[in-house]
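Chemist: Any chance you can model this:
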Amino acid sequence: MTPIYTALAVLVTFIWGVNFTFIAWGLESFPPLMLTALRFFFTAVPLVFFLKPPKFNRTLLIYAIGTFVMQYAFVFTAMHLGASVGLTALLLQIQIFITVLLAYFILGEAVSRMQIIGMLVGVLGLSVIALNLGGDMPLAGFVCILIAAIGWSFGNIASKQASTQATQQGSDGAIIPSNTERNKASALSALALVVWGGLIACVILTLSSLIFETEAWQLATFNEASLKSWLSLGFIVYVSTLIGFGLWAHLLSQNTASKVMPFALLVPVFGMTTSVLLTGEVVTWWKMLAMILILSGLVLANIKMKLGRKRQPI
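Modeler: Below you'll find the model as predicted:
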């Protein structure tokens, strides 16, 4: 990856790490499904009226359901059930390993031996969390985050496919576009993917919230919500979702998933640090061990040593 792409990847992971604290603050006033539905309503409106929709197909649907509905509905629910900010940010990163494996089997992207070793070391770190369930990480929250990680992984693959297709379609014609034009087309297609995917997610999540959180849908919920929760919702929508996911989709469209995804392991570092500073979360020895193992997996996963020839996509 070029230095600019590397810098963007680090920026996105910082935004997403800090975002877990804002989610916790938002959940102080809103139930999880309602907060997730509000997030994607404001993500889609009003931009949905100005951005050309991507081609509606199975890829867009998988992206919206996996990345937005499954990931955030279950992450918000896990935190509502008592999962701490730092551990949620850390455990969710199992999606990185799942994404790399999906990219290998579905997209045919090569995987190195060191990436495999890195994944195994990272899994050891996640296992440390599993052996210390309770308190900061209840069993129900643990299961919810695993489901969220699976959803995000499928969404990452769909994001790469959809963004690449959209960029190629936008560059059709007799004149070959410049690098600047291609990058602009990629960025716009990535933003459109987030906005229109958010609209699909909003519909699904609103219906789900109306069914499972019926009592929350009253005027008092919105009137009594704290200013901190409303400001947190603004950060979640405009910084974490529009800027964060827009940049992430652009990165995936310009680079292989195996190069981009390891950077997401920085999310728990920023998430844990923010949680300690802003929410007073206690860092225990096993949390530090889990983080060290996962970060070690990141380092190993970035060492280039090819496993073999590129597979053919299925």
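Chemist: From now on I want contacts and neighbour counts done on CA atoms only, so please keep to that.
Modeler: OK.
Chemist: just checking, L27 touches G82?
Modeler: No. Applying C-alpha atoms under 8 Å as the test, L27 and G82 come out as separate, 11.0 Å apart.
Chemist: who does the lowest-mean-pLDDT helix or strand in the chain touch, helix- and strand-wise?
Modeler: When the helices and strands of the chain are scored by mean pLDDT, DSSP states H and E, helix 257-260 comes last with a mean of 75. Applying 3 or more C-alpha pairs under 8 Å, 6 or more residues apart in numbering; DSSP states H and E, one finds that helix 257-260 makes contact with helix 94-102.
Chemist: and after the helix it packs on, which helix or strand comes next?
Modeler: helix 113-130 (DSSP states H and E).
Chemist: Next one, pLDDT for P54 please.
Modeler: Note on P54: pLDDT of 77.
Chemist: Test my guess that F142 contacts V75.
Modeler: No. If you go by C-alpha under 8 Å, F142 and V75 don't touch, sitting 9.6 Å apart.
Chemist: Neighbour count: the two, which is higher?
Modeler: When F142 and V75 are compared for neighbours, V75 comes out ahead with 29 against 25, by other C-alpha atoms under 10 Å.
Chemist: ok, and the closest non-adjacent residue to the more buried one?
Modeler: I145 (5.6 Å; C-alpha to C-alpha, 6 or more residues apart in numbering).
Chemist: got the contact list for the one you found?
Modeler: 71, 74-75, 78, 88, 91-92 (C-alpha atoms under 8 Å, 6 or more residues apart in numbering).
Chemist: pLDDT averaged over the helix or strand encompassing it - what is it?
Modeler: Per DSSP H and E, I145 falls inside helix 139-170. Summarised as a single mean, pLDDT over helix 139-170 is 78.
Chemist: re earlier: of the contacts of I145 - the most surrounded one?
Modeler: The residue in these with the most neighbours, by other C-alpha under 10 Å, is V75 (29 neighbours).
Chemist: do you know how far that one is from I23?
Modeler: Counting by C-alpha to C-alpha, to the nearest Å, the separation of V75 from I23 is 9 Å.
Chemist: pull the longest helix from the chain.
Modeler: Determined from DSSP state H, the single longest helix within the chain is helix 179-212.
Chemist: For that helix, enumerate the helices and strands it packs against.
Modeler: helix 32-44, helix 58-63, helix 139-170, helix 246-254.
Chemist: For Q115, find the nearest of the ones you listed.
Modeler: For those, proximity to Q115 was assessed by C-alpha to C-alpha; helix 139-170 is nearest, at 16.6 Å.
Chemist: the inter-axis angle of that closest one versus helix 113-130?
Modeler: 150 degrees (axes from the mean of the first three to the mean of the last three C-alpha atoms, to 10 degrees).
Chemist: Any idea how many residues pack against G135?
Modeler: For G135, using other C-alpha under 10 Å, the count is 10.
Chemist: next one: the one 3 residues further on
Modeler: Here the neighbour count serves as a burial measure; for P138 (other C-alpha under 10 Å) it reads 19.
Chemist: circling back: as TSV, the helices and strands packed on helix 179-212 with distance to T6 would be great.
Modeler: Below are those laid out as TSV (distance: least, C-alpha to C-alpha, whole Å):
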stretch	distance to T6
helix 32-44	26
helix 58-63	23
helix 139-170	17
helix 246-254	9
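Chemist: Contacts only, for A201.
Modeler: Neighbour list for A201: 37, 40, 64-65, 68-69 [criterion: C-alpha under 8 Å, 6+ apart].
Chemist: how near is A225 to W25?
Modeler: Remark: distance between A225 and W25 (C-alpha to C-alpha) = 11 Å.
Chemist: And these two? Which one has more around it.
Modeler: W25 (19 against 15).
Chemist: Between L27 and G82, which is the more surrounded one?
Modeler: Shown here are L27 and G82; by other C-alpha under 10 Å, L27 has more neighbours (22 against 18).
Chemist: Next one: the more buried one from T13, what distance?
Modeler: From L27 over to T13 the distance is 21 Å, taken as C-alpha to C-alpha.
Chemist: Just to check, P54 is in contact with A190?
Modeler: No. Between P54 and A190 there is no contact under C-alpha under 8 Å: 9.3 Å.
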